[in-house]
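Engineer: coords please:
(chains A and B)
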Amino acid sequence: MRLGALLLAPLAFLACSTVAIPVAWAEKPECRARRELLDLGNPLEVARAAVAEHKELRIVAMGSSSTQGYGATNPTFSYPAQLKMKLDAALPGIAVHVVNKGVGGQDAEEMTARMRSDVTPSHAQLVIWQVGTNSAIRRYPLDKFADRLRAGIDIGKSIGAEFVLMNLQYVPAIVALPDEEEYARVMADVAREKKTGLFKRFEIMRSWYDDGMPYANFVTNDGLHLNDFGQKCIGQLLSLAILNAVRPPQLTSEPKPK
Amino acid sequence: MHGSVPSSVLAPGRDIRLDLFRGLALWFIFIDHVPENVLSWATVRNYGFSDATEIFVYISGYTAVIAYARMMVREGWFRAAARIYRRVWQLYVAHILLFVAFTAQIAWVSTARGMPALIEEMQLLGLGQNPFRAILEAAMLKFRPVNLDVLPLYIMLLAGFPFILPLVVRWPKSVIVGSVLLYAVSCRFDWNLPGYPEPKVWFFNPFAWQVIFYVGAAMAVLAPELVWFDRWRWPISIAAGLYLVFAGFIALSWHYNWLERQVPELLARYLYPIDKTNVDVLRIVHFFAIAWFVRLLVPRDAAFLKSPLLLPIRRCGEHSLQVFCVGTFLALSAQVVDSVFEDSVVAQIIVTIVGLGIMCGVAYGAHWFRKDARPEAFT
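Structural biologist: Numbering: from 1, shown residues only, chains lettered A, B, ... in the order given. Next up, the predicted model:
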């Protein structure tokens, strides 16, 4: 009887695997986003001028665990590393610098507090500010969240950088929150008010989900962080969005989101 | 000293279940470390919250007591402690060797095989800008690129073990209480060890993961007393079974959106995130639910344990350090080979099987070398 149960277990496992493997086969994820989702909403004039006139682009990736690359099996899959590789490839002759200032677990308040000290040394023309997720998890009040965003952007602008805000990730732990969309909305409002770019990570990832891509393809088992594919794909799409905004007009070719 | 150590710990003979399941954990770790490997559907990871790491750490705690308690009784605490530190040293040497082999493999692949993307990857790993600093931080166990996180955890856990060993053989229940308290406090106050580059921390937080290790250690002492639970065999089995079904449902919902839409939002709010760095409670409960069924279904003297079919897995478990190192190294090779074949499923399956074959070859080789040496020496 016991032996029977024991033989059953591997058999059940095998059965599961034979059902699951074709599924996994079919569900090979494709990195894509609709054109309008990659529109940053505002031009990046400082960054464009840096590329055109100084042949350089200095970027600081400010953020929390997504920026740090938590959840990827390889730190080079993190979106700042991907950004560096993609921009290098797409902008020959331009010196691209990407400094990773991701600190896991931080929210808008903690990042605003270190904005000056983290952005000043690298003379960044562009700050990618990945924010909102931890504020939403901690239920940080929405009006204070907006205030911190404005304060952080003002500090960055005062030292010569312009901004692309990257909003929340669309993952089970965030979707389950009662008001995650409010945080995304506040970020869109602040981006409009402060004339910064907005990279709509939340909407892009939601479109993956709505198109039938399962969470397992882009989220780690903790239900919160992006996995290898998620990190790489967000890095590629962000690169496309930034390239559209900074490439000199005569070089602008049709972006090809797969 | 002898009188205070329970006879269960000192019982002669080797509990081959430990070899079998540790070997299985090593296979799973290898399979899961190859990114996007279809064969990871054959591992525990896709059917619930916990994965092979819990199995490996738990069995490490369990076997540590069995190996070193005997030594402590026979030769005294000081000698046992010295042996544990010799083992810690071996683990450290293995980890450093693995680090060198690992980075050398990246360097070789990127230069000799003409994959410049990998050179850039290595630059970005932290070796490019400041290799001297990176090597120093690697020696301090702070810099652990790509999948080199498990051995440092094991090193930290075993380094504290000499001080817990005399306590756990006498007061195993108190050790469980203390361990759970440390777990709770470290999660509450975000205790972790620093990593490199700043401000990274350890992927496997030793203050949290010690709970699996020390509960495993205490269970080795408490094994005979566990019959006490058998009076509630059915209620516990039903509860554990329901939990496994629930965890399986949630885990499968990550693969099927229509299933995912059935998960109530309020439930999801409590479930997520299911933290791996600090071993979430959901993971711990899931592991012990599995362990409960393993205890019921696989008695120590089960005949099938000696089946020749399972011998390769047992051999891997017996020589876990060598097999673990080779597996970690091969996972990177497998990743490179898979990428050459554009992650085709056939390539993944072949590469995985070849990798497991090499791991078994190493285990048999190590066995052949050590055949005449101490048959009982393990951990």
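
Engineer: from here on, contacts and neighbour counts on C-alpha atoms
Structural biologist: Will do.

Engineer: can you give me the helices in the stretch 151-258 of chain A?
Structural biologist: Using DSSP state H, counting those that start in this stretch, the helices found in the stretch 151-258 of chain A span residues A:172-175, A:180-194, A:201-210, A:228-246.

Engineer: quick one: the last one to helix A:201-210, angle?
Structural biologist: This points to helix A:228-246. Relative orientation of helix A:228-246 versus helix A:201-210 (axes from the mean of the first three to the mean of the last three CA atoms, to 10 degrees): 130 degrees.

Engineer: circling back: can I get the helices of the stretch 151-258 of chain A in a markdown table with mean pLDDT, distance to B:I84 and mean neighbour count?
Structural biologist: Output for the helices of the stretch 151-258 of chain A, formatted as a markdown table (pLDDT from 0 to 100; distance: least, CA to CA, whole Å; neighbours: other CA atoms under 10 Å in any protein chain shown):
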| stretch | mean pLDDT | distance to B:I84 | mean neighbour count |
| --- | --- | --- | --- |
| helix A:172-175 | 96 | 41 | 22 |
| helix A:180-194 | 97 | 50 | 18 |
| helix A:201-210 | 96 | 49 | 19 |
| helix A:228-246 | 94 | 37 | 23 |
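
Engineer: what is the burial count for A:R35?
Structural biologist: Neighbour count for A:R35, taken as other CA atoms under 10 Å in any protein chain shown: 11.

Engineer: now do B:W292
Structural biologist: Neighbour number of B:W292 under other CA under 10 Å is 16.

Engineer: mind pulling up the pLDDT for it?
Structural biologist: The per-residue pLDDT reported for B:W292 equals 96.

Engineer: so it is in which element?
Structural biologist: helix B:281-297 (DSSP states H and E).

Engineer: run the chain-centre distance for that helix.
Structural biologist: 15 Å (CA atoms, centre = their mean, to the nearest Å).

Engineer: quick one on the thing from earlier: could the helices of the stretch 151-258 of chain A go into JSON lines alongside distance to B:V34?
Structural biologist: Shown next, in JSON lines, are these (distance: least, CA to CA, whole Å):
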{"stretch": "helix A:172-175", "distance to B:V34": "24"}
{"stretch": "helix A:180-194", "distance to B:V34": "34"}
{"stretch": "helix A:201-210", "distance to B:V34": "24"}
{"stretch": "helix A:228-246", "distance to B:V34": "12"}
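
Engineer: what's the closest of those helices to chain B?
Structural biologist: Chain B sits nearest to helix A:172-175 of all the helices of the stretch 151-258 of chain A, at 4.8 Å, using CA to the nearest CA.

Engineer: look up phi and psi at the closest residue to chain B within the stretch 1-150 of chain A.
Structural biologist: Nearest residue of the stretch 1-150 of chain A to chain B (CA to the nearest CA) works out as A:N74 at 5.2 Å. Backbone torsions of A:N74, given as degrees, to the nearest 10, read phi -140, psi 130.

Engineer: is it true that it touches B:P35?
Structural biologist: No: contact between A:N74 and B:P35 fails when scored by CA atoms under 8 Å: they sit 9.9 Å apart.

Engineer: overlap of the contact sets of those two?
Structural biologist: Residues touching both A:N74 and B:P35 (CA atoms under 8 Å, 6 or more residues apart in numbering or on different chains) are A:D228.

Engineer: who's more crowded, those two?
Structural biologist: B:P35 (21 against 18).

Engineer: tally up the residues packed near the closest residue to A:E56 other than its chain neighbours, please.
Structural biologist: Spatial nearest neighbour of A:E56, excluding adjacent residues (CA to CA, 6 or more residues apart in numbering or on different chains): A:A95 at 4.4 Å. The tally of other residues near A:A95 (other CA under 10 Å) stands at 14.

Engineer: do the same with B:R231
Structural biologist: 9.

Engineer: how much space separates it from B:V109?
Structural biologist: 58 Å (CA to CA, to the nearest Å).

Engineer: kindly report the same for A:I153.
Structural biologist: 43 Å.

Engineer: might one say that A:A146 is in contact with A:V190?
Structural biologist: Yes: here A:A146 lies in contact with A:V190, judged by CA under 8 Å, at a distance of 6.8 Å.

Engineer: alpha carbons of the helix or strand containing B:L167, as PDB, please.
Structural biologist: Element membership of B:L167, judged by DSSP H and E, is helix B:150-170. C-alpha atoms of helix B:150-170 as PDB (Å, rounded to 0.1, in the frame of the first residue of the first chain):
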ATOM      1  CA  VAL B 150      23.700  29.000  -1.400                       C
ATOM      2  CA  LEU B 151      27.200  28.000  -0.200                       C
ATOM      3  CA  PRO B 152      27.800  31.300   1.700                       C
ATOM      4  CA  LEU B 153      24.500  30.700   3.500                       C
ATOM      5  CA  TYR B 154      25.600  27.200   4.400                       C
ATOM      6  CA  ILE B 155      29.000  28.500   5.600                       C
ATOM      7  CA  MET B 156      27.400  31.000   7.900                       C
ATOM      8  CA  LEU B 157      24.900  28.400   9.300                       C
ATOM      9  CA  LEU B 158      27.700  25.900  10.000                       C
ATOM     10  CA  ALA B 159      30.000  28.500  11.500                       C
ATOM     11  CA  GLY B 160      27.500  29.100  14.300                       C
ATOM     12  CA  PHE B 161      26.700  25.400  14.700                       C
ATOM     13  CA  PRO B 162      29.400  24.500  17.300                       C
ATOM     14  CA  PHE B 163      27.800  26.700  19.900                       C
ATOM     15  CA  ILE B 164      24.300  25.400  19.300                       C
ATOM     16  CA  LEU B 165      25.300  21.700  19.100                       C
ATOM     17  CA  PRO B 166      25.500  21.100  22.800                       C
ATOM     18  CA  LEU B 167      22.300  22.900  23.400                       C
ATOM     19  CA  VAL B 168      20.300  21.200  20.600                       C
ATOM     20  CA  VAL B 169      21.100  17.700  21.800                       C
ATOM     21  CA  ARG B 170      19.900  18.500  25.300                       C
END
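
Engineer: how about it: buried residues?
Structural biologist: B:150-159, B:161-162, B:165-166, B:168-170 (16 or more other CA atoms under 10 Å in any protein chain shown).
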